[in-house]
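Asks: mind folding the following:
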Amino acid sequence: MNHWLVKSEPFKYSWEKFNKEGRTFWDGVRNYQARNNLRLMAIGDLVMWYHSNEGKEIVGIARVVKEAYQDPTTEDPNWVVVDLEPVESLKRAVTLEEIKADERLKDIGLVRQGRLSVMGVKREEFDRILELANN
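Replies: Predicted coordinates:
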């Protein structure tokens, strides 16, 4: 199983709205590296949900329930989506400031490639963020 992080601006699509809907396809990716990450996602992979711009914090965990397929919002075959379902809200959101201040997270993609909307997360990084959320 792999671990991922996706970013969403809460005013466009929030964690709360996602939980109410119960499932969504992750669309709108127009960056090749992010698209390639979507293509690597497999059913059962866990995904951290990050609120960008407003909040700048990881707020929940989702799961991949359908692997990459053609993005229904465009006819361009270069772009794909995956389907996600919510797993759980974090007990406490973990802010970007906390992540940047944590020595164990110094190499996480969220810090190194701040503008990338879909990125891989190492298992140790995923576990560390869960530790921070539970403190």
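Asks: mind checking the SS state of E125?
Replies: Put simply, E125 is helix when judged by DSSP: H, G, I helix; E, B strand; the rest coil.
Asks: sec struct for R30, please.
Replies: Per three-state DSSP, R30 ends up coil.
Asks: skip the chain neighbours and tell me the closest residue to A93.
Replies: In space, and not counting its chain neighbours, A93 is closest to E57: 4.0 Å by C-beta to C-beta, 6 or more residues apart in numbering. Backbone N, C-alpha and C define where each C-beta goes, glycine included.
Asks: how about the contacts made by that neighbour?
Replies: E57 is in contact with Y50, H51, A93, V94, T95, L96, counting by C-beta atoms under 8 Å, 6 or more residues apart in numbering.
Asks: which of those fall in strands?
Replies: Taking DSSP state E, the ones among the contacts of E57 that sit in strands are Y50, H51, A93, V94, T95.
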